[in-house]
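[1] Fold the following for me, if possible:
(one chain, ligands or ions: 1)
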Amino acid sequence: MIKSLLVANRGEIACRIFRTARRFGVRTIAVFSDAEPNARHVREADEAFRIGPAAPRESYLSIERILAAARATGAEAIHPGYGFLSENSQFAQACAEAGLVFVGPPAAAIAAMGSKIVAKARMRAAGVPVLPGYEGSRQDLKHLESEALKLGLPLIIKPAAGGGGKGMKIVRQEAELGAALAGARRLAESAFGDDALLLERYLPAPRHVEVQVFADGQGNFVHLGDRDCSIQRRHQKLIEEAPAPGIAADVRTRMRAAAVLVAREIGYVSAGTVEFLFDGGEFYFMEMNTRLQVEHTVTEAVTGLDLVEWQLRVASGEALPLSQADIRLHGHAIEARVCAEDPERDFLPSAGELRLMQWPTEESVRVDAGFVTGDVVPPTYDSLLGKVIAWAPERTQAASRLSAALDRTYCVGVHTNEKWLSRVLRSPRFLEVRHSIALLQENAHEFVGAAEAAPQTVVLAALLAHTAPASDLLSTKASAPAGHEAGASGGSRSVERAASPWDARDGFVPNLSARIEYKMSWRGRSYTAEIEFTRGKPVSVTVNAQTRWNVADVSLTDGVIAACIETVRAHARCLVEGSHLHLWSAGEHVDFMLEDPRLLEFSATATQGGLTTPLPGVVAAIAVEIGQAVRAGDVLMMIEAMKMEHAITAPYDGTVKIIHFARGERVPEGSELLELAPTPTP
Ligand code: ADP
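    Next up is the predicted model:
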C-alpha cells in the first residue's frame, strides 16, 4: 500500500478520501487555496499545503502547483477526487512523469473519453447502444445544420469536450437551430477551449442511469451494480440511488454488461462510471466518467465495499479484492446532496458563514460532509456542503429514512436545499418512480415549500422569543453555537425566571392584564402572537388576533422549544439569532424575522432625526464630512444592525460639528453618533 497521499481537491470528497487513507495508516496531505485556509479538509489532514489564490485556475486547476505541492510534501500518490483535474489526461500523464502514483485510470483511458465525439463513435462501433446523432469531424455550422435537420427535432447540442452539464442546448424548433448552434459553438470554445459539437436525439423525459465499474491493471473488470441519478437541476444530480429502480431484469443485465464492455474497450483501470439514458425500455450510452463520483456512496452502501480502498489497492498494484461472482448487492440506498443554494430562487448559490450546520445522526444514515458549524462557504467553488445517505432493505423505507434525516439537518447562515430534497423524497412521484430528468421543468410546483407558517409554529415562535435569553435576541450576531448540540440556549430554561422586576418580560403593567405581543414575518407574510400571562406564566397565545391557543409548561432545553398547546405537546428545534427566530418543524425551516420594538424605535428616531442609535451596530457608511452644511432629512450615516441598514438623518438644517465614529466601527446601544449645530433661524 502507498504510504502518503495528497488529495488534489477540497470539501467533502477530500475528507472522505482521508478517512479511508487514515484507516490504512497512509499519511494524508491536503491542499488549500486562500479562499479557505481553515476548511475542514485542511484541519483533518496530517499536513496541509497552500497552492494559491481562490481562483481555481491558479490553484486546484493548476497542474504545476499541485505537482509542486506533492514535491514539497514528499507525497507518494495523488488522488484527484472529482471535478477540478480529475478527468484531465494531461494531469494523469504529468503525475506519471513526475514519478507519482495517480489514483485513477491511465492517461490514455481518460483521453479516450475526453471527447464525447470520439467516445460515442467508438462505443457505437463496439456495439454499445447509443442515441442516433451526429459525431462527425465536419464541424462547420452549415454542415451541422444540415445534419441536425436530417436527425430531426428535438435534438440536443453538446460541446464535445463538455462536462458538468455545461454548454448543452436543446433545440425544439427549426427556427432556433442556427442561433443555438452558433451559441453552443461560442460557449464550447470559451468554456472548454474546444469548439467541436455533437448532435444527439433529445429524449424529452428519460431517466439517468449509470453503472459503477472497476478494473485493476491485471485484466480484471467488474461492475458494482447500477444507480439512478434522475433528480437533477441544471443537468446536475441532486438525488441518487442504488440500485436503479424499475428496470426489467434482462435490460439491467445487458446494461451492466455493456458498461463492462465500455471499460474493457478503453483499457480502463480504477473506479469509473458508465452513464446511460433510459427511456423506460432501452438504455443508451451517454459518456463514461473516468473518476470516482459524488454518488459512489450509494454503491458502497449496497455492496458493503469501500471504493476508495479499492482505488488505493489498485493504485498500489494489487488485484481487485473480489471477482464478479463474489460481489453481492443488498438493500437500497439513496443519497441527497445538501447544497448551499436556494430552491425558492431557482437554486441560486449561496455563500457565507455557517452559524449552524448540524448533520443528522440517525441509524443507517451516513453523512459525508465538508462543512461544520462555524465554517465559511466560499462563493468560489461548487455549492455542495455534504451528502446524506440512507440505507434500508427496501426503497420506500430508504426514502423515508433519508427524508427524516434531512428534516433533522439544521443549517443557518446560508440558503440550503435539504428541505426541498426531503419533499421530493416524500412525493408520490418519486416513490412511484414516475420521475425523470425533466422533473424540474415539468413538476417543480409539486415541491414548493409551505407558503405560510402553521399556527403551532407561530405559537412556539412567540414562546421562544419570550423565553430565549435577552442576550440572544439583542446581539446582532449570535455567538457561534458550540459543537453538535448547539441551540438557542445551553441548558434547560423555565419561563418563571424573573429575578428582578426589571428583567421580567411578562408584559406586566399595574392594573392591566399581563400581555405581550410579538410581530414577526416569514416568506412575505406577517404574523402577530399575543402571549397572555397569569402570575408570570404564559397561559395562552392568540395568533393573528383570531385564534386563542391555551398553552402550558413551556420549556427551552438543548435548543428545543416545547409547550403544551391545547392537548398536544408541540416542540421544534430552534435557534435565536439577532432578530431571527429559526424553528424547524414539520419538514420546514421557518426563519421568522422578529419585529423588535427597538427596530420600530429606530425608525421612529430616524424619522425624528435623532442622532443616537437605539441598537448596537456597525457604521456601514458616513455620508457627510465635518463642516458640511446639511438640510433636515439628509442622510448622515448608515448603521447596520440586526442584518438591516438604518439611515440616520438630520433632524434639522445645520452644520456637522463632530463625527464620533468611523466607517466599520462598532457602535454600542444608545451612542451619540454625530453632533449637528443648528443653522440659526434668520
Ligand atoms: P456532461 O458531461 O456535461 O455532464 P452528459 O452528456 O453527461 O453531459 O449529459 C448530462 C445530462 O444532460 C444528462 O444527465 C441528462 O440529464 C441530459 N442529457 C444528455 N443527453 C441527453 C439527451 N440525448 N436527451 C435528453 N437529455 C440528455
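[2] When you work out contacts or count neighbours from here on, use the C-alpha atoms and nothing else.
    Noted.
[3] who's the closest residue to residue 324 other than its chain neighbours bridged to?
    Leaving aside its chain neighbours, residue 324 sits nearest to residue 222 (5.5 Å; criterion: CA to CA, 6 or more residues apart in numbering). For residue 222, the beta-bridge partners under DSSP bridges are residue 214.
[4] And the pLDDT at residue 675?
    On the pLDDT scale, residue 675 is placed at 87.
[5] Show me what it is bridged to.
    Residues in beta-bridge contact with residue 675 (DSSP bridges): residue 658.
[6] That one and residue 658 touch, don't they?
    Yes - checked against CA atoms under 8 Å, the pair residue 675 and residue 658 is within contact range at 5.1 Å.
[7] More neighbours: the two, which one.
    A count of neighbours by other CA atoms under 10 Å puts residue 675 above the other of residue 675 and residue 658, at 17 against 14.
[8] What distance do you get for that one to the ligand?
    Relative to the ligand, residue 675 is positioned 60 Å away (CA to the nearest ligand atom, to the nearest Å).
[9] and residue 438, how many neighbours?
    19.
[10] Could you do residue 387 as well?
    With other CA under 10 Å as criterion, residue 387 counts 24.
[11] chain center to the strand or helix carrying it: distance?
    Assessed by DSSP states H and E, residue 387 sits inside strand 384-392. From the chain centre to the centre of strand 384-392 is a distance of 12 Å (CA atoms, centre = their mean, to the nearest Å).
[12] Average pLDDT for it, rounded please.
    Average pLDDT, strand 384-392: 98.
[13] try stretch 281-291
    Per-residue scores along stretch 281-291 average to 96.
[14] same check, this time on stretch 367-375
    96.
[15] Could you tell me the end-to-end distance of that stretch?
    17 Å (CA to CA, to the nearest Å).
[16] cool, and stretch 626-633?
    End-to-end distance (CA to CA), stretch 626-633: 17 Å.
[17] buried stuff in it?
    629-630, 633 (16 or more other CA atoms under 10 Å).
[18] Then stretch 316-327?
    Buried residues in stretch 316-327, counted by 16+ other CA under 10 Å: 316, 319-320, 327.
[19] can you put those in TSV and add secondary structure?
    As requested, the buried residues of stretch 316-327 are exported to TSV (DSSP: H, G, I helix; E, B strand; the rest coil):
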residue	secondary structure
316	coil
319	coil
320	coil
327	coil
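[20] a markdown table please, covering the residues you listed and showing distance to the ligand and pLDDT.
    Shown next, in a markdown table, are these (distance: CA to the nearest ligand atom, whole Å; pLDDT from 0 to 100):
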| residue | distance to the ligand | pLDDT |
| --- | --- | --- |
| 316 | 29 | 97 |
| 319 | 29 | 98 |
| 320 | 27 | 98 |
| 327 | 27 | 98 |
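[21] And the furthest pair within these?
    316 and 327 (21.4 Å; CA to CA).
[22] Any regions of the stretch 401-550 of the chain where pLDDT drops low?
    Within the stretch 401-550 of the chain, the segments meeting pLDDT under 70 span 470-513.
[23] Would you tell me which residues of it are close to the ligand?
    With CA under 6 Å from any ligand atom as the criterion, the stretch 401-550 of the chain meets the ligand at residues residue 437.
[24] Nearest to the ligand within the stretch 401-550 of the chain, name that residue for me.
    The ligand sits closest to residue 437 of the stretch 401-550 of the chain, with a gap of 5.3 Å, by CA to the nearest ligand atom.
[25] Contact partners for that residue?
    Residues counted as contacts of residue 437 (CA atoms under 8 Å, 6 or more residues apart in numbering) are 205-208, 230-232, 235.
[26] for those residues, which one is nearest residue 59?
    The closest of the contacts of residue 437, once distances to residue 59 are taken by CA to CA, is residue 235, at 26.0 Å.
[27] Ramachandran angles for that closest one?
    Here is the backbone geometry of residue 235 (degrees, to the nearest 10): phi 60, psi 20.
[28] re earlier: separation between the residue nearest to residue 324 and the ligand?
    In terms of CA to the nearest ligand atom, residue 222 sits 22 Å off from the ligand.
[29] OK, contacts around that residue?
    Taking CA under 8 Å, 6+ apart, we find residue 222 in contact with 213-215, 260, 323-324.
[30] Need the pLDDT of it.
    Here the pLDDT value assigned to residue 222 is 98.
[31] Repeat that for residue 94.
    On the pLDDT scale, residue 94 is placed at 98.
[32] excluding its backbone neighbours, what's nearest it?
    Of all residues not flanking residue 94 in the chain, residue 63 sits nearest, at 7.8 Å (CA to CA, 6+ apart).
[33] That neighbour: neighbour count?
    Residue 63 is flanked by 20 other residues according to other CA under 10 Å.
[34] Touching, it and residue 91? I think so.
    Yes - if you go by CA under 8 Å, residue 63 and residue 91 touch, sitting 6.1 Å apart.
[35] what do these two both touch?
    residue 85.
[36] picking up where we left off before, could the buried residues of stretch 316-327 be laid out in a markdown table, adding distance to residue 255?
    Below are those laid out as a markdown table (distance: CA to CA, whole Å):
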| residue | distance to residue 255 |
| --- | --- |
| 316 | 30 |
| 319 | 24 |
| 320 | 21 |
| 327 | 17 |
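[37] for the record, mean pLDDT for the strand or helix carrying residue 71?
    Assigned by DSSP H and E, residue 71 belongs to helix 63-73. The average pLDDT within helix 63-73 is 98.
[38] Chain neighbours aside, what residue packs nearest to the residue in the stretch 551-682 of the chain positioned nearest to the ligand?
    Using CA to the nearest ligand atom, the closest approach of the stretch 551-682 of the chain to the ligand is made by residue 587 at 27.7 Å. Take residue 587 and drop its neighbours on the chain: the residue closest to it by CA to CA, 6+ apart is residue 407, 5.1 Å away.
[39] Please work out how many residues are found near the one you found.
    23.
[40] who's in contact with it?
    With CA under 8 Å, 6+ apart, residue 407 has these contacts: 418-419, 422, 584, 586-588.
[41] Now the residue of the stretch 551-682 of the chain closest to the ligand: phi and psi?
    Main-chain torsions, residue 587, degrees, to the nearest 10: phi 70, psi 10.
[42] ok so, going back, between the buried residues of stretch 626-633, which sits nearest residue 461?
    Nearest to residue 461 out of the buried residues of stretch 626-633 is residue 633 (CA to CA; 36.6 Å).
[43] in which helix or strand would I find that closest one?
    Residue 633 is part of no helix or strand, with elements assigned from DSSP H and E.
[44] Surely it touches residue 649?
    Yes - counting by CA under 8 Å, residue 649 is a contact partner of residue 633 at 5.2 Å.
[45] Would you mind splitting this protein into its domains for me?
    4-103, 133-201, 207-447, 455-594, 604-678 (automatic domain parsing).
[46] Now render these as a markdown table, adding distance to residue 112.
    Listed next are the domains of the chain as a markdown table, based on distance: least, CA to CA, whole Å:
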| stretch | distance to residue 112 |
| --- | --- |
| domain 4-103 | 9 |
| domain 133-201 | 11 |
| domain 207-447 | 7 |
| domain 455-594 | 45 |
| domain 604-678 | 52 |
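[47] Ok, which of the ones you listed comes nearest residue 114?
    Residue 114 sits nearest to domain 133-201 of all those, at 6.3 Å, using CA to CA.
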